[in-house]
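Visitor: how does the following fold in three dimensions:
(chains A and B, ligands or ions: 2)
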Amino acid sequence: MMIPSLLTMLLATTGDLKVGQFGMPVQASEVAPVIDNIFNFITWICIFFFVIIVGFIVFFMFKYSKPPGTPATSNVTHNTPIEVAWTVLPLILVIFIFYKGMDGYIDLRSAPLGAYEVNVVAQKWNWTFHYKNGATTSVLIVPANRPVKLIMSSQDVLHALFIPDFRVKQDVVPGRITTLWFTAIKAGEYDLYCAEYCGQQHSTMLTKVIVLDDADFDTRITEEANYIDKIPPDMLYVAGPRLYMRCKSCHSLDGSDMTGPTWQGLWDRTVDGEQVFTDGTTLSNLMGAGKLFDGPEDYVTQSINNPQQKIRMNYSGSMPTFKGQLGPLEVMAIIDFLKHLDKFDTDGNPLDSADDLATILDAAKAAEAASSNE
Amino acid sequence: MSKAIPAGNALDGANYLSHTKGFLSWAFTLDHKRIGVMYLISVLTAFFFGGMAALAVRLELFSPGTQFMGQDTYNKMFTLHVALMVLLVIIPSVPAAMGNFILPIMLGAKDVAFPKLNLMSYWLWIFGALFFVISLITGGLDTGWTFYTPYSIDIDSASAGHRFGGVLPALTGAFILGFSSIFTGLNFIVTIHRLRPPGMTWFRMPLFLWAIYATAIIQVMATPVLGITLALLAVERVFGIGIFNPALGGDPVLYQHFFWFYSHPAVYIMILPGMGIISELISVHSHKHIFGYKFIAFSSVAIAIFGFLVWGHHMFTSGQSPLMNIVFSAITFSVSIPSAIKIFNWIATMYKGSISLNTPMLYALSFLFIFSIGGLTGLHLGTLATDIHLHDTYFVVAHFHYVMMGSAIVAMVGGLHHWWPKITGRMYNEFQGRIACGLVFFGFNLTFFPQFYLGSKGMPRRYHDYSEALMSADKLELFHTLHQVSTIGSYIQAIGFFLTLYYLLYSLKWGRKAPANPWGGRSLEWQCTSPPPFDNFSEAPTVGDCYDFSVLEWDEEDQSYTWQADAHESGGESSGH
Ligand SMILES: [Cu+2]
Ligand SMILES: [Cu+2]
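Guide: Ligands and ions are numbered 1, 2, ... in the order given. Below you'll find the predicted structure:
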């Protein structure tokens, strides 16, 4: 089993390792070739020195290997000119490398004016991207051939946004705004990773960058902004799976306990007011006209917008607030989703294709097109 | 196996091992040699557990998805690996274990300057280690050894809900270990200043001592900063007072500055002593005068000094100002020069030598090979433009394993073989030694070389999984193969180390008795018996040029080097200091 996979690797590398292209990923941003040139340049210097060093070691090792007791044939203790030479020459070389690296770095940092801005919010363990027109997505959608600037903040701990194919990375630091910019050059789909250790599910804090040509980008981002308006009001729950993407690192649909309580049966429990909180109070006593919560809908809404207000017994207060990130319609969609969990499997996929969000949006689009053609 | 007892073997006579007997005679000994041996055993025990954690981590990464450890366990496992290896193994291994045994003898001294402080350092190490055990059973540590805030102060996530468990005992343990390290450093500085015998000027000291001296300076100057940082972190975690937590007005990047202000110099605490060992191994086993003594000595000091000024290169993507990044990148390159000088000088030492390819020499050559790669790939990381891409990927993992494991540990193991006859009075099996060295060398490169490629392709570090569902297919396939190769390499290394463990233990009872000077070393420890007597030297040793090997002669019958009959004068006289 090993041998075949080793072989495939060798084949893969020979296909992939063009001369002077030492295993960097696809070049999908404007700056990538610049970085790769520096990388290759340094790698060639490394190979040069490595061959010299190891060459001498191996040569000396065999040439001067003697039986014990043979005296050394030379006893030089130093040679100042040589030593100065091998101090100064590498020094000149590294100054040059430093300069090239600095030059490339300045390119990486200086975002051009008028770049398309996207706000990025990182939280354990997912990414949310907010666009100027109000759209919110969990994949990063950007136009090709146009500078894009990410304005990033974190809700909890350190994260880092890393797009290998673009050669960019920047930590996302709570309490600060950090930025990052790039110009994607090819339409397509690229990996986006979290690169700074952020706890339990660090290795699943992955998403995609979707690069679209200008026209496609505009349509797509408009659709993203008002998709929820396109859903028939009595079917809001179909938006549930999409919104659930942002909750699934802590809430399960299959009854298993994660960082947060499972959503299975949550609605019934809430209607009955079964929840007990860390301060010993019970939901049923807090719910009703004039009380803390007007009713089950209000409880869920407040749980989303102000999760620290009442924390459930045996859970921690680690749920971040989604106030301002989820619109009123979206919160309603989540409530509707909780009421209709029986229409979805435990991964959140609709059981009936009639409840599929994409299908419904496509139908709405077709209907719109038909009406504008009339 | 020759049965006759070679000249200079003291196993049957008086030596430091037979001097007194019983547990207490060890536990409360003030003899630097016994303390060194206790350190050695403790450090190797920690190395065993750290290695086991590494093997578990590698096995988990063999394929995508969960193999046998969930996310939480994995995060605790890699943290355990690094915490043991860095704090309990590499930092004390060479200075405290090897240095304790060798340093006073090399100086011709009877002990270190403060033997009681020395004993206390050892017991602090034990207490520090104990706190790590407590951490393990009270929730475990899952922050990485860096304890980055605010994750590490978030009681709900790091060590899930254990306010006083997990993170807090680990911080306390690291704090205590810091003191152990400071005291050792202090002791060595004073010993080197005050206890050199007449005739041993600074520039007649073996280079190992220069390296230990430079290390000790870092230990004394940098470790207190770590202590303060960890104390602040502990206070913040327990009382939530807002030093590093932005939610309370603190600053997580400030923490990173504090942390790396110690931890970058700490990298040199780990590697400089190893370099010192290599200077000894290469010259002794090439039987040739070290080349460029002063350049090597000064480069150790230069590394120690520059090492304090480059911590920011761990933070190029942290959000610190671009100007700072540029300054730190520039200074970082200055550290590469002294390292390069050392490599060139070591190779020049071999030129026209009379090289014996003994196990210690093979380890020294492995070191040269591995350290070259580790050092050269540092160029990619010191360079701003490329580090942005490579930071926090497996490229960095590969780089620091080439430096920490492939260089520091390999040098340590090489030194262990070199001084084994001196420490135990027995020779290990040379043939098995070479095989094991080969396995470690091959396994090491197989483990870590693919990781450079993994990293440049974009695989982030500290990932429990490279997920089938989340990664693009082409990356996934490549990552999978490279991880497999890497895992196999790690098990080959493990076989090498277990073989080493076996023949070293075997030699303790059945090994050939060692002569005083099996390799032909000129520094003072080779003038003592093997193992050395309790007080090291019964008469003041003669100090000469410790790299002039022309005064030694091979004695075939004893398998040992002895002084040439007419050579004594060339060593003794000197101008004093
Ligand atoms: Cu992360
Ligand atoms: Cu560093």
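Visitor: all contacts plus neighbour counts: C-alpha atoms, from now on.
Guide: OK.
Visitor: measure A:Val118 to B:Phe306 for me?
Guide: 41 Å (Cα to Cα, to the nearest Å).
Visitor: which one of the two has more residues nearby?
Guide: More crowded of A:Val118 and B:Phe306, by other Cα atoms under 10 Å in any protein chain shown: A:Val118, with 21 against 18.
Visitor: need the contact list for the residue of the stretch 201-350 of chain A found nearest ligand 1.
Guide: Nearest to ligand 1, among the residues of the stretch 201-350 of chain A, is A:His202, at 3.9 Å (Cα to the ion). Counting by Cα atoms under 8 Å, 6 or more residues apart in numbering or on different chains, A:His202 makes contact with A:124-125, A:194, A:196, B:462-464.
Visitor: try 7 Å
Guide: A:125, A:194, B:463 (Cα atoms under 7 Å, 6 or more residues apart in numbering or on different chains).
Visitor: show me where the chain has its strands.
Guide: Looking at chain A here, since you left the chain open. Ranges of strands in chain A, per DSSP state E, are A:116-123, A:126-130, A:136-137, A:140-143, A:147-154, A:159-163, A:168-172, A:178-183, A:188-194, A:207-212.
Visitor: that answer is for a different chain, and I need it for chain B
Guide: Under DSSP E, chain B gives strands at B:426-427, B:512-513, B:552-555, B:560-563.
Visitor: got the contact list for the last one?
Guide: To tie it back to what came earlier, the one meant is strand B:560-563. Under Cα under 7 Å, 6+ apart, the answer for strand B:560-563 is B:515, B:517-520, B:551-555.
Visitor: list just the nearest of these to A:Phe344.
Guide: B:Trp519 (74.9 Å; Cα to Cα).
Visitor: ok, how many other residues are close to A:Lys365?
Guide: 14.
Visitor: hmm, back to that, out of the contacts of strand B:560-563, who's near ligand 1?
Guide: When Cα under 5 Å from the ion is applied, no member of those is adjacent to ligand 1.
Visitor: who in chain A is up against ligand 1?
Guide: A:159, A:194, A:196-198, A:202.
Visitor: can you lay out these as TSV showing pLDDT?
Guide: Formatted as TSV, those follow (pLDDT from 0 to 100):
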residue	pLDDT
A:His159	96
A:Cys194	96
A:Glu196	96
A:Tyr197	95
A:Cys198	93
A:His202	94
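Visitor: what about burial for the residues you listed, which qualify?
Guide: A:159, A:194, A:196-198, A:202 (16 or more other Cα atoms under 10 Å in any protein chain shown).
Visitor: between those, which is closest to A:Met102?
Guide: Nearest member of these to A:Met102, counting by Cα to Cα, is A:Glu196, at 23.1 Å.
Visitor: thinking the closest one is in contact with A:His159, fair?
Guide: Yes. If you go by Cα atoms under 7 Å, A:Glu196 and A:His159 touch, sitting 4.8 Å apart.
Visitor: nearest residue to the closest residue to ligand 1 within the stretch 151-300 of chain B other than its sequence neighbours?
Guide: Residue nearest to ligand 1 within the stretch 151-300 of chain B: B:Tyr151 (10.7 Å; Cα to the ion). Distance criterion Cα to Cα, 6 or more residues apart in numbering or on different chains; nearest residue to B:Tyr151, sequence neighbours excluded, is A:Val157 at 5.4 Å.
Visitor: now that neighbour: how far from A:Met205?
Guide: Distance, A:Val157 to A:Met205, using Cα to Cα: 13 Å.
Visitor: ok, now A:Ala144?
Guide: Counting by Cα to Cα, the gap from A:Ala144 to A:Met205 is 24 Å.
Visitor: before we move on, back to that, make a markdown table from the residues of chain A next to ligand 1 and add distance to A:Gly55 to it.
Guide: Shown next, in a markdown table, are these (distance: Cα to Cα, whole Å):
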| residue | distance to A:Gly55 |
| --- | --- |
| A:His159 | 43 |
| A:Cys194 | 40 |
| A:Glu196 | 39 |
| A:Tyr197 | 40 |
| A:Cys198 | 44 |
| A:His202 | 43 |
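Visitor: which one of those residues is nearest A:Glu223?
Guide: For these, the nearest to A:Glu223 is A:Cys194 (26.9 Å; Cα to Cα).
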